[in-house]
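# I'll drop the sequence and a predicted model, then ask my questions.
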Amino acid sequence: MSGLRTRATLHDLVPAFVRTPDPSLIQLAANEAAYGPLPSVAEVLAREIERVNRYPDDGAVGLRHTIADWLGVEGAEVTLGAGSLGLLEQVMLALCDQGSEVVYPWRSFDVYPQLIRVAGATPRPVPLREERNDLETMLASIGGRTRVVIVCNPNNPTGPAVGRPELESFLRRLPRTVTVLLDEAYFEYVRDPAVPDGLTLLRDHPNVAVLRTFSKAYGLAALRVGYLVARREIIEAVDKTHVTYSVSRLAQAAALASIGAQEELGERVEATVRERGRVRDTLLSQGWRVPVSEGNFVWLRLGAASQGFGKDLERFGVAVKVVPDEGVRMTIGTREENDVFLEAAGAVREAEL
Ligand code: PMP
């Protein structure tokens, strides 16, 4: 007993570090892009590294305005953060008081409950329905203390997304005091035309905030840069929680260069989308049940068999994400990496039969 006193809301939390898989395995565990930086982005980074003795532009003014122009919104409607995770935390801190409630889908992105608790708010998880966010039940879970509802679209780790009519009907009935944090980390991989681009919802629904990232389709996961688009009042509140210099010089430069390299990056995303289809079709033909995915990953709901399947895959040299007793999420890699995974999945399936 050291006599150390800490914030009461943290007492029943444990530090939540993500475990890095064995680097000798094929990395299909973290929904990263399968490819390293584009040569043009690498060049910008090499130049910028010469200047890391200088602090970054703290307001990321250039990047903010470039994103705003690119998306057709005002500069005051965009802010940057240390990954979309950094922004998720900022949104919670900006919008929640001690005792506020945050409604969110579950199973979904593991970090949500921790961030909600760190902000002093109470997590209100709502089970998925057919592997998607169950907006009706989420709406019914909203009470007087609810400040934020997180909608993860498409949902990580399961893959499906909710469509426009459903989302709009939900937004129409939502109290104006509740902000919807629409987590579109996988937006660039969505191909179902029924799934709305969150930005198109902003005009009619000013309580929506759209969260996106350069970590996935743009392949900058290690640099930590994400952005939030919302009405200026929300952005201003979130900016009050900004940690000085938290979006690094390298992150800003690489994000700017990536916006300028849309076409090449788009080709990579297309390759991943094609591979997603091929992986799912092959898994289905092997006899697995796999929901349609709009992200760069697929989900196998294996229940108690999940841990065993994860171990089997490791023996074949593949690291996936295991959600104990629920399922296994496989990130779409390069064609060759996916082939190793598919061969392993096929062999496991045959051994079972
Ligand atoms: N949201 C979702 C749904 C995610 O899956 C992830 C990453 N796995 C993030 C946010 C965070 O991404 P980042 O902080 O790298 O932008």
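Happy to help now that I have it. Numbering: from 1, shown residues only.
# residues contacting the residue in the stretch 1-150 of the chain that the ligand sits nearest to?
For the stretch 1-150 of the chain, the residue closest to the ligand is residue 83, as judged by Cβ to the nearest ligand atom, at 2.7 Å. C-beta here means a position set from N, CA and C on the backbone, and glycine is covered the same way. The neighbours of residue 83, taking Cβ atoms under 8 Å, 6 or more residues apart in numbering as the test, are 213, 215, 224-226.
# quick check: residues of the stretch 151-300 of the chain near the ligand?
Residues of the stretch 151-300 of the chain lying close to the ligand (Cβ under 6 Å from any ligand atom) are 152, 156, 183, 185, 213, 215, 221, 226.
# which residues touch the nearest residue to residue 242 once chain neighbours are set aside?
In this structure, residue 242 finds its nearest non-sequential neighbour in residue 90, 6.8 Å apart by Cβ to Cβ, 6 or more residues apart in numbering. Neighbouring residues of residue 90 by Cβ under 8 Å, 6+ apart: 81, 238, 241-242.
# excluding chain neighbours, what is closest to residue 316?
In this structure, residue 316 finds its nearest non-sequential neighbour in residue 344, 3.5 Å apart by Cβ to Cβ, 6+ apart.
# burial measure for the one you found, as a count.
Using other Cβ atoms under 10 Å as the criterion, residue 344 is surrounded by 20 other residues.
# surely it and residue 313 touch.
Yes: between residue 344 and residue 313 there is a contact at 5.3 Å, judged by Cβ atoms under 8 Å.
# ranking the contacts of residue 90 by neighbours, who comes first?
Using other Cβ under 10 Å as the neighbour test, these are led by residue 81, with 28 neighbours.
# tell me the pLDDT at residue 49?
Per-residue pLDDT puts residue 49 at 97.
# that one - that's part of a helix, no?
Yes: with DSSP: H, G, I helix; E, B strand; the rest coil as the criterion, residue 49 is part of a helix.
# follow-up on the earlier one: save the contacts of residue 90 as a markdown table, and put in distance to residue 54, pLDDT and secondary structure too.
Shown next, in a markdown table, are the contacts of residue 90 (distance: Cβ to Cβ, whole Å; pLDDT from 0 to 100; DSSP: H, G, I helix; E, B strand; the rest coil):
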| residue | distance to residue 54 | pLDDT | secondary structure |
| --- | --- | --- | --- |
| 81 | 21 | 98 | strand |
| 238 | 25 | 98 | helix |
| 241 | 24 | 98 | coil |
| 242 | 19 | 98 | coil |
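# name the nearest of those relative to the ligand.
Using Cβ to the nearest ligand atom, residue 81 comes nearest to the ligand of the contacts of residue 90, at 8.2 Å.
# ok, and the closest non-adjacent residue to that closest one?
With sequence-adjacent residues excluded and distances taken as Cβ to Cβ, 6+ apart, residue 81 is closest to residue 87, at 3.5 Å.
# can you check residue 63 too?
residue 252 (5.1 Å).
# mind giving me the packing neighbours of the helix or strand hosting that neighbour?
Per DSSP states H and E: residue 252 is located in helix 249-259. Counting contacts by 3 or more Cβ pairs under 8 Å, 6 or more residues apart in numbering; DSSP states H and E, helix 249-259 packs against helix 39-48, helix 61-71.
# quick one: these as JSON lines, columns for mean neighbour count and distance to the ligand too.
Listed next are the helices and strands packed on helix 249-259 as JSON lines, based on neighbours: other Cβ atoms under 10 Å; distance: least, Cβ to the nearest ligand atom, whole Å:
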{"stretch": "helix 39-48", "mean neighbour count": "15", "distance to the ligand": "16"}
{"stretch": "helix 61-71", "mean neighbour count": "17", "distance to the ligand": "14"}
